[in-house]
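J.: Sequence first, predicted model second:
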Amino acid sequence: MAQPAGIDPRAVVHDGCTLGADVYVGPFCVLGPDAVIGDRCRLISHVVVEGHTELGAETVVSPMASIGGAPQDLKYSGEPTRLVLGRGNRIHEFVTLNRGTEGGGGVTQIGDGNLFMAYSHVAHDCLVGSNTIFANAATLAGHVEVGSHATIGAYSGVHQFCRVADHAFIGGYSVVTKDALPWVLTVGNRAESHGLNLVGLRRKGHPAATIDALKTCYKLLFRSKLTLKEGIARVEAEVESNDQVRYFLDFVRGSERGVCR
């Protein structure tokens, strides 16, 4: 049963904190003076929101989560930086989401509708899309980019400055030190690609022609004896172009660290 709007008398809400309409702040929560809490948010209990942090509307935060804490970066010296979350996020127990650093652009940005399971962590200056799933204790180092609809498995870690593509699937207990490909199962320590996530593609309703095109794309790029440049040229010449194939090729071309192969 959803809690009614209001502030529990045992909560601490500092002067300057902005609360939207129909917000619930549960017992022993602590909200800092620069926090902005959107409409219909629910902070269940023992939640800390500090720094210049914005929670989008209808976000639910479970006990013991720390939102907007200072970045865990030795270069950080107290300068004002931000954490901005979109609407409808679900943040479970002991999750930590850190603000940005001046050197990394000053903001950690998280989109809409994400699920952060217990003990997951998003470090400073990360950019996270929408509708992602962070399983228990999934961890991002600083400056990581995560696309929308990506899944990061339990106890997995993503190295700083890596990219996780839209629709990527990172298996549990993986260590990702290069960019994780879209629609691909990325698993292991160090993580490698293990083929397309066919179950996920079918669940999302992609037609057989799209799946076949992605299969061919993946095979030419990563399961042939072609160089990456040659593989890209073959895909462009032989595979019927669609939004998914174009995104796959653009992601590979745009990789600075290299991709998990």
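T.: Received, thanks. Numbering: from 1, shown residues only.
J.: Go ahead and measure how far the helix or strand harbouring residue 247 is from the middle of the chain.
T.: Take DSSP states H and E as the rule and residue 247 turns out to sit in helix 243-253. In terms of C-alpha atoms, centre = their mean, to the nearest Å, the centre of helix 243-253 is set 20 Å apart from its chain centre.
J.: Report the contact partners of residue 138.
T.: 117, 120, 121, 152, 153, 154, 155, 156, 157, 170 (C-beta atoms under 8 Å, 6 or more residues apart in numbering). Using the backbone N, CA and C atoms, a C-beta is placed for each residue, glycine as well.
J.: Among these, which are located in strands?
T.: Residues of those located in strands (DSSP state E): 121, 152, 157, 170.
J.: Distance-wise, check the third one relative to residue 191.
T.: Going back to what we said before, that points to residue 157. Separation of residue 157 from residue 191 (C-beta to C-beta, to the nearest Å) stands at 10 Å.
J.: Look up phi and psi at the nearest residue to residue 253 once chain neighbours are set aside.
T.: Leaving aside its chain neighbours, residue 253 sits nearest to residue 232 (7.2 Å; criterion: C-beta to C-beta, 6 or more residues apart in numbering). The phi and psi values for residue 232, taken as degrees, to the nearest 10, are phi -60, psi -40.
J.: residues contacting residue 232?
T.: With C-beta under 8 Å, 6+ apart, residue 232 has these contacts: 221, 249, 252, 253.
J.: do residue 39 as well
T.: 20, 21, 22, 23, 57, 58.
J.: mind checking how far the first one is from residue 108?
T.: Between residue 20 and residue 108 the distance, using C-beta to C-beta, works out to 21 Å.
J.: Those two: who's more crowded?
T.: A direct count of neighbours by other C-beta atoms under 10 Å for residue 20 and residue 108 places residue 108 higher, at 29 against 16.
J.: separation between that one and residue 238?
T.: Counting by C-beta to C-beta, the gap from residue 108 to residue 238 is 41 Å.
J.: Kindly report the same for residue 207.
T.: Taking C-beta to C-beta, one finds residue 207 at 19 Å from residue 238.
J.: returning to that earlier point: could you tell me which of the contacts of residue 232 count as buried?
T.: For the contacts of residue 232, a burial check counting by 16 or more other C-beta atoms under 10 Å picks out 221, 249, 252.
J.: Please name the spatially closest residue to the last one (chain neighbours excluded).
T.: Distance criterion C-beta to C-beta, 6+ apart; nearest residue to residue 252, sequence neighbours excluded, is residue 259 at 6.0 Å.
J.: Roughly how far does that neighbour sit from residue 191?
T.: Residue 259 is 10 Å from residue 191, by C-beta to C-beta.
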